[in-house]
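**Q** here are the coordinates; sequence isn't available:
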């Protein structure tokens with residue numbers, strides 16, 4: 001059974017940084033694309049960043065470009081999201097997601113991913 005557990009969220013001042021982690025269990029992440037999404041109250045789930053199964057491609061939503069970086073450590077079966085220059089509008093619950101099919105290059109939509117973590121809250125104060 002695939003399980004994804006996010007950690008690293010918290011309260012940070014605007015301009016600060018956080019590093020989110022997503023620990024996967026149940027199957028190795030090196031065969032599957034991974035993604036980060038976020039959802040603020042009253043808004044739809046928004047794509048933040050994705051990484052292809054082989055780590056060769058990283059791609060970002062407009063809000064994350066130039067500020068966030070996705071990476072993974074296959075040995076630890078963990079995906080990371082480094083978030084810099086945080087803004088109050090980055091406040092949301094951040095979710096880790098995994099593609100259900102191996103060797104996919106990755107997607108942008110929630111429906112492109114089959115497994116989800118429980119989320120971690122990120123709050124950025126002004």
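**A** Arrived safely. Nothing here was measured: the structure is a model prediction, and the numbers come from that model.
**Q** Pretty sure residue 57 sits against residue 105.
**A** Yes: between residue 57 and residue 105 there is a contact at 6.4 Å, judged by C-beta atoms under 8 Å. Backbone N, C-alpha and C define where each C-beta goes, glycine included.
**Q** centroid residue for this structure?
**A** residue 36 (2.2 Å; C-alpha atoms, centre = their mean).
**Q** That one and residue 55, how far apart?
**A** 15 Å (C-beta to C-beta, to the nearest Å).
**Q** hang on, the earlier thing: give me the distance between the nearest residue to the residue nearest to the centre of the chain once chain neighbours are set aside and residue 114.
**A** Of all residues not flanking residue 36 in the chain, residue 48 sits nearest, at 4.3 Å (C-beta to C-beta, 6 or more residues apart in numbering). Residue 48 is 18 Å from residue 114, where distance means C-beta to C-beta.
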